[in-house]
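Asks: Can you look at this prediction? I've put the sequence above it.
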Amino acid sequence: MSDAILTGLAEIINEVAGVPLSDVTPSKNFTDDLDIDSLSMVEVVMAAEDKWGVKIPDSEVKNLNTVGDAVDYIAKATA
Amino acid sequence: MTSTLRVSPAVPYARMLSVGSYRPERVVTNDEVCLRIDSTDQWIQERSGIRERRYAAADESVCDMSVAAALIAIERAGLQPVDVDVVILATVTHPYPTPSAAAEVAFRLGTNGAAAFDISAACAGFCYGIAMAQDFVRGGSARNVVVVGVEKLTDWIDLDDRSTAFIFADGAGAAVIGASDTPAISPVVWGSDGGQYQAIAMTQSLIDYRENGGERFPTLSMQGQQVFRWAVSEIAKAAQRILDAAGISADELDAFIPHQANMRITDAMIRTLGLPSHVPVARDIATTGNTSAASIPLAMDRMISAGEVPSGGLALIIGFGAGLVYAGQVVQMP
């Protein structure tokens, strides 16, 4: 399940911010490693919400520092 | 015996007869803004698309800018100030709760005592005004209505706040709405979400400011991510509803003129809306900043002047901001 989420998230991040798919790995920090700023992060979150039918409120978004954080959150929310 | 009341004769259609604008003289670059905030020209351009903006002079008021823009619009409409029956002025930065800015503006324009009032609908104010003006004309309450969108946001922002100081600026735009033989303004699509009232709000009221001994003059604060999310999801959907209400497709548009909130919001809305690439998009924010109620008429005037949108072309305009509130319509360009 987590692998599928990681793949889907990589596609979203690639679409929103042009980050190569292979760069999107669990340990990567959105801001420092992938250069995704706060507004792009909102677009990533909105696309993820649409894709997996989950709610990720703004108050949670600030806790999603790495790709792994986001994968875990989505995995839990869809479990 | 009861007499039958006479009612005003209805007019079939209204149109935008003209648009005019006023840009303050002083150009403020990102480098100048960065003298007071910890930021860079590059960061500001990446986050907002803003390269420079205009600041009004210290002694230049909301009313001064309104009169300048409205006089141009009235002249371009081929009218005299006495032909104006109503002045609707949209602003959130007129520094007096009463009297209205509109009454002063109507007087200074030289109208013959036109009806005048302000509306508070933030960045949606111009489109709220167009909606009312169209109904006033069609309902027979007025022949010609001047709608002004004007802001002097520099009076109400914290120039040391790195989250807002680079965004907001000053300016005025105006349009004249009058009778038409053919349909030229679509039904308005509008609404509010007061549950998100804190997303763009003043830091405190003027009463609180007085009561706490003049600590921290109230300034505008904004939850950027929250507003971005709302604009990209809900406002893009509202834009589609406007097209549906107008009975046209995005393909038939000659211009897309959203409130100039942030270039990133505009770009994201274009993607969500699926706007065809041949439709010109207003990007006035690059050199004007976010001027709230003034941004749409300022952008419209620039596009018309630059020949980017033809006379008679169809423009989708949509305003959205503090409230949260939004409004928009498809308007045939003067």
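Replies: Cool, the structure landed.
Asks: residue ranges of the helices in chain A, please?
Replies: A:2-17, A:38-52, A:58-61, A:67-78 (DSSP state H).
Asks: burial count for residue A:15?
Replies: Residue A:15 has 13 neighbours, counted by other C-beta atoms under 10 Å in any protein chain shown. Quick note: C-beta positions are derived from backbone N, CA and C, even for glycine.
Asks: Can you tell me the closest non-neighbouring residue to it?
Replies: The shortest distance from residue A:15 to any non-neighbouring residue, by C-beta to C-beta, 6 or more residues apart in numbering or on different chains, is to residue A:47 (7.2 Å).
Asks: my read: the one you found touches residue A:12, true?
Replies: Yes - using C-beta atoms under 8 Å, residue A:47 makes contact with residue A:12 at a distance of 4.5 Å.
Asks: Which one of those two is surrounded by more residues?
Replies: Neighbours were counted for residue A:47 and for residue A:12 using other C-beta under 10 Å; residue A:12 has more, 20 against 17.
Asks: wait, what's in contact with that one?
Replies: A:44, A:47-48, A:51 (C-beta atoms under 8 Å, 6 or more residues apart in numbering or on different chains).
Asks: wait, what's in contact with residue 70?
Replies: In the absence of a named chain, chain A is used. A:9, A:30, A:44, A:48, A:64.
Asks: look at chain B instead
Replies: B:20, B:87, B:105, B:109, B:146, B:148, B:174 are the contacts of residue B:70 under C-beta under 8 Å, 6+ apart.
Asks: How about residue B:143?
Replies: B:83, B:85, B:137, B:178-179.
Asks: What subset of these is buried?
Replies: In those, burial by neighbour count holds for B:83, B:85, B:137, B:178-179, counting by 16 or more other C-beta atoms under 10 Å in any protein chain shown.
Asks: Sitting in strands, which of these do you find?
Replies: B:178-179 (DSSP state E).
Asks: In the helix or strand of chain A with the lowest mean pLDDT, which residues are buried?
Replies: Lowest on mean pLDDT, DSSP states H and E among the helices and strands of chain A sits helix A:58-61, with a mean of 88. For helix A:58-61, the buried set under the neighbour-count rule, 16+ other C-beta under 10 Å, comprises residue A:61.
Asks: Please enumerate residues in contact with that helix?
Replies: Counting by C-beta under 8 Å, 6+ apart, A:41-42, A:45, A:73, B:223, B:225-226, B:229 sit against helix A:58-61.
Asks: related to what we said a few turns ago, redo the buried ones among the contacts of residue B:143 as JSON lines? Include pLDDT and distance to chain A.
Replies: Output for these, formatted as JSON lines (pLDDT from 0 to 100; distance: C-beta to the nearest C-beta, whole Å):
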{"residue": "B:83", "pLDDT": "98", "distance to chain A": "45"}
{"residue": "B:85", "pLDDT": "98", "distance to chain A": "43"}
{"residue": "B:137", "pLDDT": "97", "distance to chain A": "39"}
{"residue": "B:178", "pLDDT": "98", "distance to chain A": "40"}
{"residue": "B:179", "pLDDT": "97", "distance to chain A": "43"}
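Asks: which among the buried ones among the contacts of residue B:143 gets closest to residue B:13?
Replies: residue B:179 (7.2 Å; C-beta to C-beta).
Asks: correct me, but that closest one touches residue B:137?
Replies: Yes - between residue B:179 and residue B:137 a contact is recorded at 5.8 Å, counting by C-beta under 8 Å.
Asks: between these two, what contacts are shared?
Replies: In contact with both residue B:179 and residue B:137: B:11, B:14, B:143, using C-beta under 8 Å, 6+ apart.
Asks: now, the most widely separated pair of the buried ones among the contacts of residue B:143?
Replies: Taking C-beta to C-beta, no two of the buried ones among the contacts of residue B:143 sit farther apart than B:83 and B:137, at 12.4 Å.
Asks: what is in contact with those two at once?
Replies: The contact sets of residue B:83 and residue B:137 overlap at B:143-144 (C-beta under 8 Å, 6+ apart).
Asks: which stretches of the chain have low pLDDT?
Replies: Using chain A. A:1 (pLDDT under 70).
Asks: please go with chain B instead
Replies: B:1.
Asks: Now do the strands in it.
Replies: According to DSSP E, the strands that chain B contains are B:13-22, B:26-29, B:52-55, B:86-90, B:115-119, B:145-152, B:170-180, B:189-192, B:200-202, B:220-222, B:255-258, B:314-321, B:325-332.
Asks: Residue B:161: which of those strands is closest?
Replies: strand B:220-222 (7.6 Å).
Asks: what about residue B:140, neighbour count?
Replies: 13.
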